[in-house]
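>>> sequence? don't have it. structure:
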């Protein structure tokens, strides 16, 4: 049975593909939320955020319940699902559908012995997808039909997690068919109603001379209005929901069920649990989320972030931020409440020094799914970790922290986030004013500055170093703060070595907006004319940050391309040794990692004449 070849009455369900109109439109919806996060992480971040945002419409402090159920259908259960969801219509179209992953279920629909996997995501204690399904402002329309709609940002007086309208594609992209079933129960005046519709968010494709956007819906097609599909409602919706393995929602069981059809193999119960722990531990620790994962055997798994060793310093930081009675250990912990900006409270940062000799944490660090111990968890209202932010700088003292944004700037930070909601970008064009951009820049800068300050305060004193003949560091050092400045001063005795800049030092803008720079230079080292005998020499380079025009212990990483005549010194980073003879010139190419344009750094070459 091919799409559109048999006329169906308005009482039958029918898949309808959206044709691309004469004025174009959006296409390629299956990848609208593609990003760097693993699929289970992207799925749990968006699914839970949708539920939290929905619960917000009932009560700000509500504790929504969410259940992830994995099912494996075979034999009659599978065939019933295939028939009810009309997946054979999909199979007829599969040669035209681009981008379907290998191993998708369309190749074995009539093989009852080949299980069909489903992931059922159910939330409770939420209002469901209410409103007129034809109204663009309704929750139903926004969730299933709008792509890129920022309607969430306009909820009166409400802080929310999302704002782009792409979150639904995080659910569909977890399906190898890019297909979900949405089933919901909601209040309609004094009554309650249920609704159901199947939705696909595929890549664009063509059939003959007809171009399709990639969106498709299974519902009640309107004979008089081609391309328009209405959801099933009430008894019809409940009957189809049961056939599609969704638990029927009886009176009072408000909320939404999403069935992910044929989930990607990396979407596993264990992966969902770990992703929930990684990104939602603040809300779990505060008792504001009730979540369970049920595997295909019926076994219940619950997230337990308190058992994650890699999260321990972040949990401790959160306790310092949220509990006024939690005293900070002055030897290894700090708490900073940021000063207000433009009359707005910014938030609170807590930092914890992480012991580098913890064998259990060092062993976990090799696990790709483990959170590194030198980041700051950025958190705003939904109490999801937006990002494990790398504050940069020298990380010889590992620091973990948590920053909780104040409600005053929650809306500003949300607008600064990309569709994946995984960072705060002061250059995001959705920020309406320069004042808003300054708020985001200031938050990020104060986090970085306080991490550097804290590292300096808790860093152990360095061991006594052997005497080094530092010949030219003072006269060669170049100070950078928007451009180079050369401090004066030379030694009292002429050095036996000549060293000079062949090019640079110069600042090279990095990034689309030029808010980061890179330092580049080329340095030549040779014997002075008066020095006739060769010398054993070590040449080393460093690029420390300057704080109030004083050298700090934090450094910007360097890439050094040395000449062939030298070899790396195994005892010192960015150091090279060799025998420097008369007539030889060693050329060193230096390039720093990108750093913030408003930082001041010191390029510091050092030369040591070694003893034979």
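All right, it came through fine. Predicted, not measured: the structure shown is a model, and the values here were computed from it.

>>> alpha carbons only for contacts and neighbour counts from here, please
Noted.

>>> count the neighbours of residue 99 for me.
Counted with other CA atoms under 10 Å, the neighbours of residue 99 add up to 15.

>>> need the three-state assignment for it.
coil (DSSP: H, G, I helix; E, B strand; the rest coil).

>>> which residue sits closest to it, ignoring its sequence neighbours?
For residue 99, ignoring the flanking residues on the chain, the nearest one in space by CA to CA, 6 or more residues apart in numbering is residue 203 at 6.9 Å.

>>> quick one: that neighbour is in a helix?
No: counting by three-state DSSP, one finds residue 203 to be coil, located in no helix.

>>> report how many residues lie close to it.
20.

>>> thought it was touching residue 94?
No: contact criterion CA atoms under 8 Å: residue 203 and residue 94 do not qualify, at 11.8 Å.

>>> where does the residue nearest to residue 99 fall, phi/psi-wise?
phi -70, psi 150 (degrees, to the nearest 10).

>>> please report how far it lies from residue 96.
10 Å (CA to CA, to the nearest Å).

>>> now for the helix or strand hosting residue 216, which elements pack on it?
Element membership of residue 216 [criterion: DSSP states H and E] is strand 210-221. On a contact count with 3 or more CA pairs under 8 Å, 6 or more residues apart in numbering; DSSP states H and E, strand 210-221 meets strand 13-19, strand 191-201, strand 205-207, strand 229-230.

>>> in a markdown table, list the ones you listed along with mean pLDDT.
Converted to a markdown table, the helices and strands packed on strand 210-221 look like this (pLDDT from 0 to 100):
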| stretch | mean pLDDT |
| --- | --- |
| strand 13-19 | 84 |
| strand 191-201 | 94 |
| strand 205-207 | 90 |
| strand 229-230 | 90 |
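
>>> which among those is found nearest to residue 85?
strand 191-201 (7.7 Å; CA to CA).

>>> returning to that earlier point: out of the helices and strands packed on strand 210-221, which gets nearest to residue 282?
Short answer: strand 191-201, nearest of these by CA to CA, at 31.8 Å.

>>> what residues of that closest one count as buried?
Of all the residues in strand 191-201, those buried under the rule 16 or more other CA atoms under 10 Å are 192-201.

>>> contacts for that strand, please.
Strand 191-201 is touched from outside by 28-30, 85, 144, 169, 172, 177-187, 214-219, 230-235, 237-238, 240-241, 249, 251-252, with contacts defined as CA atoms under 8 Å, 6 or more residues apart in numbering.

>>> so what's residue 188 up against?
Contacts of residue 188 by CA under 8 Å, 6+ apart are 130-131.

>>> could the buried residues of strand 191-201 be laid out in TSV, adding distance to residue 21?
Formatted as TSV, these follow (distance: CA to CA, whole Å):
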residue	distance to residue 21
192	36
193	33
194	31
195	28
196	26
197	23
198	22
199	19
200	18
201	17
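
>>> of the residues you listed, closest to residue 324?
Distances from residue 324 to the buried residues of strand 191-201, taken by CA to CA, are shortest for residue 192, at 43.3 Å.

>>> for residue 577, give the beta-bridge partners.
In this structure, residue 577 bridges to residue 538, residue 567 when assessed by DSSP bridges.

>>> roughly how far does it sit from residue 540?
9 Å.

>>> one more: residue 51?
From residue 51 to residue 540 the distance is 55 Å (CA to CA).

>>> neighbour count winner among the two?
residue 51 (23 against 19).

>>> measure stretch 112-120 end to end?
21 Å.

>>> quick one: buried residues of it?
115-120.

>>> again with stretch 566-583
Using 16+ other CA under 10 Å as the test for burial, stretch 566-583 gives 566, 568, 574-578, 580, 582.
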